[in-house]
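Colleague: structure of the sequence below:
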Amino acid sequence: MQTLIQAIGRAGVAVLVIEHDVGFVSEVASRIMALNRGRVIAVGILREVLRHPDFVEA
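Modeller: Model prediction:
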């Protein structure tokens, strides 16, 4: 799955992945949107999202 998502992304196609596995997401995503109970709490690159206070609290 990871290889397929990366290949599609390299072809210039946006891919939406809904996943709880942060390790997997970090391998395939250039930008991340984190939600908590359906509300957006952080958007950005993985490093920014992981440090966002709302993400840490959730």
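
Colleague: which residues in this protein form helices?
Modeller: For the chain, applying DSSP state H gives helices covering 2-10, 22-28, 46-51, 53-57.

Colleague: for the second one, what is the distance to the chain centroid?
Modeller: Okay, so that is helix 22-28. The chain centroid and the centroid of helix 22-28 are separated by 7 Å, computed with CA atoms, centre = their mean, to the nearest Å.

Colleague: counting by contacts, list what it packs against.
Modeller: helix 2-10, helix 46-51 (3 or more CB pairs under 8 Å, 6 or more residues apart in numbering; DSSP states H and E). (Each C-beta comes from the backbone N, C-alpha and C, glycine too.)

Colleague: R37 is nearest to which of the helices of the chain?
Modeller: When the helices of the chain are compared by CB to CB, helix 53-57 sits nearest R37, at 11.4 Å.

Colleague: got the helices of the chain as TSV, with mean neighbour count, mean pLDDT and distance to R37 columns?
Modeller: As requested, those are exported to TSV (neighbours: other CB atoms under 10 Å; pLDDT from 0 to 100; distance: least, CB to CB, whole Å):
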stretch	mean neighbour count	mean pLDDT	distance to R37
helix 2-10	12	91	26
helix 22-28	14	92	18
helix 46-51	14	93	16
helix 53-57	12	92	11
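
Colleague: mind putting those into JSON lines with distance to A34?
Modeller: What follows is these, written out as JSON lines (distance: least, CB to CB, whole Å):
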{"stretch": "helix 2-10", "distance to A34": "18"}
{"stretch": "helix 22-28", "distance to A34": "9"}
{"stretch": "helix 46-51", "distance to A34": "5"}
{"stretch": "helix 53-57", "distance to A34": "5"}
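
Colleague: sorry, back to before: reformat the helices and strands packed on helix 22-28 as a markdown table; add distance to G38.
Modeller: Below are the helices and strands packed on helix 22-28 laid out as a markdown table (distance: least, CB to CB, whole Å):
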| stretch | distance to G38 |
| --- | --- |
| helix 2-10 | 24 |
| helix 46-51 | 17 |
